[in-house]
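1. just a sequence and a predicted model for now, questions to come.
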Amino acid sequence: MNLVFKALSDPTRRRILQLLRERPMTAGQIAEHFDIAKPTLSAHFAVLREADLVSSEKVGTTVTYSLKVSVLEDALLSFAETVGVGIGANGKLKLATRRAK
Amino acid sequence: MIDRKTALICTALIALMLVSAVWRITLPDDWSVQAASQNKAPLLPLLLFVFPGSSALVMGSLYWTSLRAGANSAKVQPWYRWGKLVSIAYCSGLLLLQGVLVAQSLGLQSVLPLSVIGRTAGVLLMIMSLLAINQMPKLPYFERRFSPGGDLGPVYGPRYLRTMARILIMFLIAVFAFPLAVGPGVGWRGTMVICLAAASLVIWSIAWRRHLGRKWNLEQGRAG
């Protein structure tokens, strides 16, 4: 459960899960929605896979990710999204603020 | 989904429930006489067939799904493990409740803490059901043959499963909270309300599945 909380505490990972709620997507399709480096995104995928919140299927050179959340995990995702876990009062990521300091 | 071995184990448990029901009904000292002497409402013999009926329904639907699932692929294996756990736990729990019901009708409350055993079994069954439904969306989605609405595809299929699991959990919580809110005497009217709600849920889920199936077919047609 610690892994799930860790995965859900990051807004970027939550955004990935929100996108996957709509439909399964390839890594490239997900990357189009973010303005971050691909290695960083890969690290986020790794955390989500480790927490067993996404499943990946490799076909040739393309990796397709699909959502794999239980009802409780889905409720936790909605809760974290509503409360804004990991987002500061100014709307920026807490992690980014900490790095700047 | 369950394999043949699990289906046989569940059938044995259901047979035990039926045997206990028939044995209790055919006992010469009729329980209704005994219950009347204790100033309690007589239990209907029909009540003894509710648990085996319910177990048979769950086991039958799980076995029917596995018959229709077709290929014994790796995708289906987690469903078999899930089905095995759910069906055996469900049938065992209801067998225990059936035992409590029979023992109560024999007036064994003074010898055994039957109400405690019954309540514990009920709570354990509730927890098991909630956990099982909670895990459903984590299992790999695959298309079942001859389902209403047909093929839902990789987009609407998992979405349907997730939403149904969420609604089922809310429904189960409402069903278990209902007697707590109303009090001990829920009665037949309460049972009827629950049965009607369950039937409405089934009808709605079929209608929604058909709607999603049509949507998926339309999208496929446009893409083609």
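-> Noted; the coordinates are in hand.
2. shaky segments in chain B?
-> Low-confidence segments of chain B, defined by pLDDT under 70: B:28-44, B:68-72, B:145-146, B:184-186, B:224.
3. ditto for chain A
-> For chain A, the stretches with pLDDT under 70 are A:88-101.
4. how about the residues of it by chain B?
-> Applying CB under 8 Å from any CB of the partner chain, one finds that chain A approaches chain B through A:21-24, A:52, A:55, A:66-72, A:74. Using the backbone N, CA and C atoms, a C-beta is placed for each residue, glycine as well.
5. got those as a markdown table, with neighbour count columns?
-> Formatted as a markdown table, those follow (neighbours: other CB atoms under 10 Å in any protein chain shown):
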| residue | neighbour count |
| --- | --- |
| A:R21 | 14 |
| A:E22 | 10 |
| A:R23 | 15 |
| A:P24 | 19 |
| A:D52 | 15 |
| A:S55 | 16 |
| A:S66 | 17 |
| A:L67 | 26 |
| A:K68 | 22 |
| A:V69 | 23 |
| A:S70 | 22 |
| A:V71 | 22 |
| A:L72 | 15 |
| A:D74 | 20 |
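6. so which of the residues you listed belong to helices?
-> Counted as lying in helices by DSSP state H, out of these, are A:21-22, A:71-72, A:74.
7. got the residues you listed as a markdown table, with distance to A:K6 columns?
-> Output for those, formatted as a markdown table (distance: CB to CB, whole Å):
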| residue | distance to A:K6 |
| --- | --- |
| A:R21 | 20 |
| A:E22 | 24 |
| A:V71 | 20 |
| A:L72 | 16 |
| A:D74 | 17 |
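8. just flag the most distant two among these.
-> Using CB to CB, these span at most 20.8 Å, a distance reached by A:E22 and A:L72.
9. in the chain, mark out all the helices, start to finish.
-> Using chain A here. Along chain A, counting by DSSP H, helices occupy A:2-8, A:11-22, A:27-31, A:38-50, A:71-83, A:94-100.
10. meant chain B actually
-> Using DSSP H, helices in chain B cover B:4-26, B:31-37, B:50-69, B:77-105, B:114-135, B:153-182, B:187-223.
11. how many residues are close by B:L180?
-> 9 (other CB atoms under 10 Å in any protein chain shown).
12. then B:A103?
-> So B:A103, with other CB under 10 Å, has 18 neighbours.
13. identify the residues contacting the residue nearest to the spatial centre of chain A.
-> Centroid-nearest residue in chain A, with CA atoms, centre = their mean: A:R13, separated by 1.6 Å. Shown in contact with A:R13 (CB atoms under 8 Å, 6 or more residues apart in numbering or on different chains): A:7, A:44, A:47-48.
14. save those as a markdown table, and put in neighbour count too.
-> Below are those laid out as a markdown table (neighbours: other CB under 10 Å):
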| residue | neighbour count |
| --- | --- |
| A:A7 | 25 |
| A:H44 | 20 |
| A:V47 | 19 |
| A:L48 | 27 |
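15. out of those residues, which is nearest to B:R119?
-> For those, the nearest to B:R119 is A:A7 (37.3 Å; CB to CB).
16. shouldn't that closest one be in contact with A:V47?
-> Yes. Using CB atoms under 8 Å, A:A7 is in contact with A:V47, at 5.2 Å.
17. how about the helices of chain B in a markdown table, adding distance to chain A?
-> Shown next, in a markdown table, are the helices of chain B (distance: least, CB to the nearest CB, whole Å):
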| stretch | distance to chain A |
| --- | --- |
| helix B:4-26 | 23 |
| helix B:31-37 | 41 |
| helix B:50-69 | 19 |
| helix B:77-105 | 11 |
| helix B:114-135 | 5 |
| helix B:153-182 | 4 |
| helix B:187-223 | 11 |
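18. deepest of those, which one?
-> helix B:77-105 (a mean of 19; mean count of other CB atoms under 10 Å in any protein chain shown).
19. packing partners of that helix?
-> Packing contacts for helix B:77-105, counted by 3 or more CB pairs under 8 Å, 6 or more residues apart in numbering or on different chains; DSSP states H and E, involve helix B:4-26, helix B:31-37, helix B:50-69, helix B:114-135.
20. that one to helix B:4-26, inter-axis angle?
-> 10 degrees (axes from the mean of the first three to the mean of the last three CA atoms, to 10 degrees).
21. give me the distance from helix B:77-105 to the chain's centre.
-> On the basis of CA atoms, centre = their mean, to the nearest Å, helix B:77-105 sits 9 Å off its chain's mean C-alpha point.
22. skipping adjacent residues, who's closest to B:V86 in space?
-> B:A132 (4.7 Å; CB to CB, 6 or more residues apart in numbering or on different chains).
23. how near is the one you found to B:P140?
-> Using CB to CB, to the nearest Å, B:A132 is found at 16 Å from B:P140.
24. do the same with B:P52
-> 32 Å.
25. in contact with the residue most central in space within chain B, which residues?
-> The residue lying closest to the centre of chain B (CA atoms, centre = their mean) is B:V58, at 5.0 Å. Counting by CB under 8 Å, 6+ apart, B:V58 touches B:86-87, B:90-91.
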